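K.L.:
no sequence for this one, just the structure:
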């Protein structure tokens, strides 16, 4: 169980997150939704302790998450990575095994097996020796998904993993989410997609600096909540598409 | 000054190569040059992949106040240089994290302030430090002790790079990810900056602080165009750096000019060659360029014929 309790985060004296409280059970796929600048990335970084929090607690299995870094895998936003970095697919996925190997040691043979298996799962094993800069956007996202898998963490925090991804890769990624969920892992995934795709998530967290709503997609994506989060009433057609395709078709 | 031992048996080229080696200062200078040529690209690779190439330049100029103060206090000037370089790196990181100022502006400020302070201190403290030799290298002054010290620094830094290779790779590739997985990123940053400062100190006599950034960045950049992995970049960079140093030293010896600029221009020459002829992305060798050239040629031939 991931428990976030009255979390406050400031970004250079501007309030970024206010009084965020929620619980996530194990083995669940959760979408983190909200307008641009709502604090989705900030929330993920604050959970990981990558940015300081003003107040609040983040507990995983009854202990502070920051003390259990091996339990959590993080996929940063695509734009945070320099894709021209001289590294191959294999080396990037192997990064997941850094702390398992420990200081001064090379990764074990077992780690190599885990990396191999992770690459097979995301269907990139054949491209393992390619420089990451030569991959398509979807392939690059899968490299980082493989890295998260190879870390063998129980909690996965993914920041917009569907950005720059084609439909085929999207289906593959959701299939992998389901497999991970079946293994009892908890996935919190920030997304900016609307529509039928939201039905893939077991729960949605709708935020705009504060937590607007949490629950199954149908309960969260009501006109009132959408207006609360996005500030404006949803455009009739947009809204119609979002709801109709999501919940009634 | 130079006496040329005549030997009719030896081919002229060999004599040309061996003559400088008959002087102890030149043997020492070549040793120090090769070591700096190996060390600089390895450490410079880490700056390059973080888009922090100019940080090498900033830190090189920032060692100057430390040199002046240490010389005045009659303590080891290298300790002064080290402390001064680390302080500058720390200040840049501090400005970057505490204000809205971007890193390039922070670097420009620290660079010029530290350098100005250094020049002022050298004058005020009436140091007998020779500013020119620190700025552009002074191979005539390389002693056996300098060779030993440079060798020690090179060995220590290379060993540390090897030991912390995977952590440094993670940090320079994905700093947030490294922090998320629990790596001590502040210590890694400090360690990396210590490595850069030590490298600059080791290269001071060969290329001088004004040009050391070229040796930090040049061979590694050239290697970046030719290979696809970090450790390959370091290996090839080190080779190119050492070769640049040796060629530069010989030119410096025969033309009686400072060694720093010669080494830097040779290293830059390698870069130009790689830009033009890199098998995968050379301007003249990549497939598109070859096709373009072929199509221009054929069009020229057509116009020729139609005439």
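P.N.:
Sure, I can see it. Keep in mind it's a predicted model, so treat the numbers as computed, not measured.
K.L.:
any idea what sits nearest the residue of chain A at minimum distance from chain B, other than its immediate chain neighbours?
P.N.:
Residue nearest to chain B within chain A: residue A:69 (3.5 Å; Cβ to the nearest Cβ). (Glycine included, C-beta is placed from N, CA and C.) Leaving aside its chain neighbours, residue A:69 sits nearest to residue B:182 (3.5 Å; criterion: Cβ to Cβ, 6 or more residues apart in numbering or on different chains).
K.L.:
Return the residues in contact with residue B:225.
P.N.:
B:271, B:274-275, B:278, B:281-282 (Cβ atoms under 8 Å, 6 or more residues apart in numbering or on different chains).
K.L.:
about what we covered before: now do the same for the residue nearest to residue A:69: its pLDDT.
P.N.:
For residue B:182, the pLDDT comes out at 92.
K.L.:
what sits against it?
P.N.:
Here residue B:182 is in contact with A:69-70, A:99 (Cβ under 8 Å, 6+ apart).
K.L.:
how about the closest residue to chain A within chain B, phi and psi?
P.N.:
Closest residue of chain B to chain A, Cβ to the nearest Cβ: residue B:182 (3.5 Å). Main-chain torsions, residue B:182, degrees, to the nearest 10: phi 100, psi 10.
K.L.:
which stretch of helix or strand covers residue A:6?
P.N.:
Element membership for residue A:6 (DSSP states H and E) is strand A:2-11.
K.L.:
Can you name the residues of the stretch 201-307 of chain B sitting close to chain A?
P.N.:
Taking Cβ under 8 Å from any Cβ of the partner chain as the criterion, the neighbours of chain A within the stretch 201-307 of chain B are B:224, B:227-230, B:232-233.
K.L.:
Just the buried subset of these, written out for PyMOL, thanks.
P.N.:
Selection of the buried residues among those in PyMOL, burial being defined by 16 or more other Cβ atoms under 10 Å in any protein chain shown:
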select buried, chain B and resi 224+227+228+229+230+233
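K.L.:
Quick one: mark the members of the residues of the stretch 201-307 of chain B next to chain A that sit in helices.
P.N.:
B:224, B:230, B:232-233 (DSSP state H).
K.L.:
In a markdown table, list those along with distance to residue B:93 and pLDDT.
P.N.:
Formatted as a markdown table, those follow (distance: Cβ to Cβ, whole Å; pLDDT from 0 to 100):
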| residue | distance to residue B:93 | pLDDT |
| --- | --- | --- |
| B:224 | 25 | 95 |
| B:230 | 22 | 96 |
| B:232 | 29 | 96 |
| B:233 | 24 | 96 |
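K.L.:
Could you verify my assumption that residue A:44 touches residue A:187?
P.N.:
No: judged on Cβ atoms under 8 Å, residue A:44 makes no contact with residue A:187 at a distance of 11.8 Å.
K.L.:
quick one: contacts of stretch B:203-212?
P.N.:
Counting by Cβ under 8 Å, 6+ apart, B:29, B:32-33, B:36-37, B:39-40, B:56-57, B:60-61, B:63-64, B:81, B:133-139, B:141-142, B:146, B:150, B:199-200, B:214-215, B:245, B:258-261, B:263-264 sit against stretch B:203-212.
K.L.:
and the end-to-end length of it?
P.N.:
7 Å (Cα to Cα, to the nearest Å).
K.L.:
mind checking the SS state of the closest residue in space to residue A:65 that isn't next to it in sequence?
P.N.:
Excluding the flanking residues, the one nearest residue A:65 by Cβ to Cβ, 6+ apart is residue A:58, at 4.7 Å. Secondary structure assignment for residue A:58 (DSSP: H, G, I helix; E, B strand; the rest coil): strand.
K.L.:
thinking again about what came up before, return a PyMOL selection command for the buried portion of the contacts of stretch B:203-212.
P.N.:
The PyMOL command for the buried members of these (criterion: 16+ other Cβ under 10 Å) is given here:
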select buried, chain B and resi 29+32+33+36+37+39+40+56+57+60+61+63+64+81+133+134+135+136+137+138+139+142+146+150+199+200+214+215+245+258+259+260+261+263+264
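K.L.:
what about residue A:198, how many residues close to it?
P.N.:
Neighbours of residue A:198 under the rule other Cβ atoms under 10 Å in any protein chain shown: 20.
K.L.:
quick one: the closest residue to it other than its chain neighbours from residue A:194, how far?
P.N.:
Nearest non-adjacent residue to residue A:198, counting by Cβ to Cβ, 6+ apart: residue A:217, 4.7 Å away. Residue A:217 is 11 Å from residue A:194, where distance means Cβ to Cβ, to the nearest Å.
K.L.:
and residue 193, what does it touch?
P.N.:
Reading this off chain A. Counted by Cβ under 8 Å, 6+ apart, residue A:193 has contacts residue A:162.
K.L.:
look at chain B instead
P.N.:
B:59, B:85-86, B:89-90.
K.L.:
Make a PyMOL selection of the buried ones in these.
P.N.:
The PyMOL selection below is limited to those of the contacts of residue B:193 classed as buried (16+ other Cβ under 10 Å):
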select buried, chain B and resi 59+85+86+89
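K.L.:
The contacts of residue B:193 also near chain A: which ones?
P.N.:
Restricting the contacts of residue B:193 to those near chain A - Cβ under 8 Å from any Cβ - leaves none.
K.L.:
I'd like the list of the contacts of residue B:193 that fall within strands, please.
P.N.:
Using DSSP state E, no member of these falls in strands.
K.L.:
pLDDT below threshold where in chain B?
P.N.:
By pLDDT under 70, the low-scoring segments of chain B are B:1-10, B:127, B:307.
K.L.:
let's see it at 80
P.N.:
Segments of chain B classed as low confidence (criterion: pLDDT under 80) are B:1-10, B:126-130, B:137-140, B:280-281, B:285-293, B:306-307.
K.L.:
where along it do the helices fall?
P.N.:
Going by DSSP H, chain B shows helices at B:12-18, B:24-49, B:53-73, B:77-98, B:103-124, B:131-136, B:144-163, B:165-173, B:175-180, B:185-207, B:212-226, B:230-255, B:259-277, B:287-306.
K.L.:
what's the most buried one of those helices?
P.N.:
helix B:212-226 (a mean of 27; mean count of other Cβ atoms under 10 Å in any protein chain shown).
K.L.:
just the contacts of residue B:182 now: which is nearest residue A:157?
P.N.:
Of all the contacts of residue B:182, the one with the least separation from residue A:157 (Cβ to Cβ) is residue A:69, at 11.7 Å.
K.L.:
Near the residue nearest to residue A:219 when sequence neighbours are not counted, how many other residues are there?
P.N.:
Nearest residue to residue A:219, sequence neighbours excluded (Cβ to Cβ, 6+ apart): residue A:213, at 7.2 Å. Residue A:213 has 18 neighbours, counted by other Cβ under 10 Å.
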